[in-house]
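Chemist: got a sequence here, can you model it:
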Amino acid sequence: MIYWELFLAFFIPGILGYGGGPASIPLVEYEVVAKYQWMTVEEFSEVLALGNALPGPIATKMAGYIGYEVGGVFGAIVGVFATVAPSLILMIALLGLLYKFKESPKVKRMTSLVRPTIAILLGVLTYRFLESSYIGAGIWHTLFLIVAAFLLLEKWKVHPAFVIVGGLGYGAIFLSF
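Modeler: Modelled structure (predicted):
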């Protein structure tokens, strides 16, 4: 039963998460944290941070890790397959049709309407992470990490992987008590 739940937990966000990994992250978070309660918000945010630091698609890395934690090696295989299966099926079935109508105003309008939805889902996820950080670490640590990350990423153009590792190091040193 756990493998079926793992499959559904990653297959459904794969179907509904139009736009790739960033679009499906809030959906995966709902399945993993709220629905099946395999992880807390904090644990999920740590998995997300580590997944962002590694090269490759975020959704498959998260599915592999969470699948392994929940169901071992076979769970990781099920999670990764469930993540890529919707895209694989849809790509094979709809590629010809989409290519045929790529200049259609309806297709262009549909794409332009999906982008704000993804932005809202990511905004809600960010708010939940900030709320969790505020409760767990306090306002000063949270503000420091936000400002430091913003400056490192935007002003000094530091690679996001180094910012994530720095944040993890900060948490290990100052927040592990």
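Chemist: within the helices and strands, which one has P55?
Modeler: Assigned by DSSP states H and E, P55 belongs to neither a helix nor a strand.
Chemist: distance of it from P105?
Modeler: For P55, the distance to P105 equals 37 Å [C-beta to C-beta, to the nearest Å]. All C-beta atoms are positioned from the backbone trio N, CA, C, and that covers glycine.
Chemist: spit out the contact partners of I25.
Modeler: By C-beta atoms under 8 Å, 6 or more residues apart in numbering, I25 lies in contact with G17, L48, I58, A59, M62, L122, L125.
Chemist: just the pLDDT for it.
Modeler: pLDDT, I25: 89.
Chemist: pull out the CA atoms of the lowest-mean-pLDDT helix or strand in the chain and give them to me as CSV.
Modeler: Every helix and strand in the chain was compared by mean pLDDT, DSSP states H and E; the lowest is helix 21-29, with a mean of 85. The C-alpha trace of helix 21-29 is given here as CSV (Å, rounded to 0.1, in the frame of the first residue of the first chain):
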residue,chain,number,x,y,z
GLY,A,21,9.5,21.2,-10.9
PRO,A,22,8.8,24.6,-9.4
ALA,A,23,5.2,24.4,-10.4
SER,A,24,4.8,21.0,-8.7
ILE,A,25,6.7,21.7,-5.5
PRO,A,26,3.6,23.1,-3.7
LEU,A,27,1.6,20.1,-4.8
VAL,A,28,4.2,17.7,-3.7
GLU,A,29,4.5,19.5,-0.4
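Chemist: next secondary structure after it?
Modeler: Downstream of helix 21-29 (by DSSP H and E), the next one is helix 41-53.
Chemist: pLDDT on the helix of greatest length in the chain, on average?
Modeler: Ranked by residue count under DSSP state H, the longest helix found in the chain is helix 58-100. The average pLDDT within helix 58-100 is 89.
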